[in-house]
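Chemist: missing the sequence, but the structure's below:
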RNA sequence: GCUCCCGUAGUUCAAUGGAUAGAACACUAGCCUUCUAAGCUGGAUAUCGAGGUUCGAUUCCUCGCGGGAGCACCA
């Protein structure tokens, strides 16, 4: 049962209660239950980051006051150390400095060669393979994870679709980037609170209510409420073009809703119940589990206090017309920011005030080390203003991060629900499934129709998610079907295929390899060596993805890993090999599967045993 | 007008200030009696322009040019 249903139920048994008090109490119960659940969760066994094989070597380099980096493939080495800066300071040539540095670095690797101003450290590949495979075996699903964030909490606000509108592909970005970030932070040991900041409040609901009373079709509303709400939303904005009074009516309607008018509250809650159930279908399809659904309306009871505090501290001022604004000084840090409104002249709230109250609430409730807002880049100014206001309230500015992402537009222009120029997520996922199914029917005709459908659904959804997560956040995306639904090349199916291929080999091997305990490892070929090096880098990639809030680091890494694995299984036969070579190769296959699984998990994508 | 983001092969994307700027798509020539051909191998093409900082710039700074977004009672 979602929170709006619970509120509705409570109001039915107790009509005198204030809806926002009820919401705060029930939401608070959800938070308590969530925190209790978190506390009871057992942490998976994972090594401290410092104990990963490759990290140890890097730390050894750093201990000498040097900066390790990765060498290019041609160098055939594990760690590179540049000596240009040192050479400059000492006024010697880089090659000479490197020559000298190589002596100091020698104990770290089996061989230390230098190339110009670099020293390349090459580890004993067999020992290295032993270490890495053992760690993959010991840690399993936690390989690559760390305890770096232990004891720290990160709040991530994401998804945040708007009630009464179908979810569009714009919200898809927030949803899957947010979900991935949540997993990436958890992987580093953080306690993560994922919040769905539903767009369930504000003037738009006044407008929708006006449209609802004026033009609703009771029959259609019963049959397909989501479609009918959308029609009313569009209708309102069409009518408003010719009727200026309509906007004012909408504002007035919202003012009454915010004051808790029981009749309006009842209808509004119905909208929320319907929409949330609709969103849930998409979350289920995407495999997304947001911890808490706390919409904008949840913070209503806190707005007066927040506004009063801002006024008392002279951060905000009340204008002559009754509206309340925050003005920034000309000098830094907030210097030059345009002022913004907290309240309209009729006294009703605006979203900036709700965001400020929400931030204060989250700080108080979760004591986070960081609050991340996964919201489109068009709201950058809004967040700069909100964060600046919070800083004036003496919150640490470093607490707040807006992880902006680029807009999704269509070839014919910006998406607009009002103009009917929009791709709905439901349609996107349906089309993805159709396209995946077509390929499955070709490749796996032996599967039953049901199995084909299940796989198509999973592959389609994964492809859509991966397409988004594999590029950096900030760039705008022009939506085209072919691009969004790419099923080959650098795509989810490619990675899923690699995983399934690995599992298939393991299954046919007929023997279990224990990664923790392989006596005799043989690493001879180029591909084998590269796989070991790739496994070793995964923990750092995961850490970097967290440091940069950048899921695409994981995607880029996985693509490279699966490419290398593809070369490997084409060139180096596993099952036909014998003795120690066979065991070693099986171990590499097993480790590959594990690392792909762990990486895909961070992207929110589940592996398939077969594809 | 002001502010922010983005400009990399024909296209879509990568590249903690480091070594010959990497992938994928498309195009093209090969590889299935050998572990799943949604695969593998080979082949051409790119840093918007001008300065600056640096041993070294796709990356940092300045100025242009081009594209996108935002700038008070929507969110």
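Modeler: Perfect, I can see it now. Computed from a predicted structure; not experimentally measured. Residues are numbered from 1 along each chain as shown, chains lettered A, B, ... in the order given.
Chemist: SS state for the residue of the stretch 401-550 of chain A found nearest RNA strand B?
Modeler: Nearest residue of the stretch 401-550 of chain A to RNA strand B, counting by Cβ to the nearest atom of the strand: residue A:489, 2.1 Å away. From N, CA and C alone the C-beta is placed, and that goes for glycine too. Classification of residue A:489 using DSSP: H, G, I helix; E, B strand; the rest coil returns coil.
Chemist: what is the burial count for it?
Modeler: By the measure other Cβ atoms under 10 Å, the count of residues near residue A:489 is 8.
Chemist: what does residue A:276 give?
Modeler: For residue A:276, using other Cβ under 10 Å, the count is 21.
Chemist: shouldn't it be in contact with residue A:225?
Modeler: No - Residue A:276 lies out of contact with residue A:225 (Cβ atoms under 8 Å); the separation is 11.9 Å.
Chemist: next helix or strand past the lowest-mean-pLDDT helix or strand in chain A?
Modeler: Ranked by mean pLDDT, DSSP states H and E, the weakest helix or strand in chain A is strand A:111-115, scoring a mean of 82. Going down the chain from strand A:111-115, the next helix or strand is strand A:118-122, by DSSP states H and E.
Chemist: neighbouring contacts of the helix or strand following that next one?
Modeler: Next in sequence after strand A:118-122, counting helices and strands by DSSP H and E, comes helix A:125-139. Contacts to helix A:125-139, defined as Cβ atoms under 8 Å, 6 or more residues apart in numbering, come from residues A:45-47, A:51-54, A:78, A:110, A:143, A:145, A:514-518, A:521-523, A:529, A:532, A:535-536, A:584, A:587-588, A:590-591, A:594-595.
Chemist: avg pLDDT for helix A:125-139?
Modeler: For helix A:125-139, mean pLDDT is 96.
Chemist: how near is residue A:187 to residue A:449?
Modeler: 37 Å (Cβ to Cβ, to the nearest Å).
Chemist: looking at those two, which one has more neighbours?
Modeler: residue A:187 (26 against 9).
Chemist: just confirm that one contacts residue A:145, I think it does.
Modeler: Yes - the criterion here is Cβ under 8 Å, and residue A:187 meets it with residue A:145 at 4.7 Å.
Chemist: what do these two both touch?
Modeler: In contact with both residue A:187 and residue A:145: residue A:542, using Cβ under 8 Å, 6+ apart.
Chemist: hmm, back to that, give me the buried entries from the contacts of helix A:125-139.
Modeler: A:46-47, A:52-54, A:78, A:143, A:145, A:515, A:518, A:521-523, A:529, A:532, A:535-536, A:584, A:587-588, A:590-591, A:594-595 (16 or more other Cβ atoms under 10 Å).
Chemist: so what's the residue in the stretch 301-450 of chain A that RNA strand B sits nearest to closest to, chain neighbours aside?
Modeler: Per Cβ to the nearest atom of the strand, residue A:344 is where the stretch 301-450 of chain A lies closest to RNA strand B, at 2.7 Å. Spatial nearest neighbour of residue A:344, chain neighbours left out: residue A:323 (5.7 Å); criterion: Cβ to Cβ, 6 or more residues apart in numbering.
Chemist: and for the one you found, the neighbour number?
Modeler: 16.
Chemist: residue contacts, it?
Modeler: Residue A:323 sits next to A:341, A:343-345 when contact means Cβ under 8 Å, 6+ apart.
Chemist: residue A:312: which of those is nearest?
Modeler: Nearest to residue A:312 out of the contacts of residue A:323 is residue A:343 (Cβ to Cβ; 15.0 Å).
Chemist: wait, that closest one touches residue A:307, no?
Modeler: Yes - between residue A:343 and residue A:307 there is a contact under Cβ under 8 Å: 6.5 Å.
Chemist: and for the two, which residues touch both?
Modeler: What both residue A:343 and residue A:307 touch, as defined by Cβ under 8 Å, 6+ apart, is the set A:324, A:353.
Chemist: now the strands for chain A?
Modeler: A:79-82, A:111-115, A:118-122, A:153-158, A:191-196, A:292-293, A:316-318, A:324-326, A:340-343, A:370-373, A:400-402, A:408-410, A:413-414, A:477-478 (DSSP state E).
Chemist: what comes into contact with the fourth one?
Modeler: By Cβ under 8 Å, 6+ apart, the surrounding residues in contact with strand A:153-158 are A:174-175, A:177-179, A:181-182, A:185, A:190-197, A:290, A:362, A:366-375.
Chemist: again, only using 6 Å
Modeler: Here strand A:153-158 makes contact (Cβ atoms under 6 Å, 6 or more residues apart in numbering) with A:174, A:178, A:181-182, A:185, A:190-195, A:197, A:362, A:366, A:368, A:370-374.
Chemist: starting from that strand, tell me which strands it pairs with and how they run.
Modeler: strand A:191-196 (parallel), strand A:370-373 (parallel) (DSSP bridges).
Chemist: can it be found next to RNA strand B?
Modeler: No - taking Cβ under 7 Å from any atom of the strand as the criterion, strand A:153-158 and RNA strand B are apart, separated by no less than 12.0 Å.
Chemist: how many neighbouring residues does residue A:351 have?
Modeler: 18.
Chemist: contacting residues for it?
Modeler: Neighbouring residues of residue A:351 by Cβ under 6 Å, 6+ apart: residue A:202.
Chemist: separation between it and residue A:416?
Modeler: Per Cβ to Cβ, residue A:351 is found 19 Å from residue A:416.
Chemist: swap in residue A:100?
Modeler: For residue A:100, the distance to residue A:416 equals 64 Å [Cβ to Cβ].
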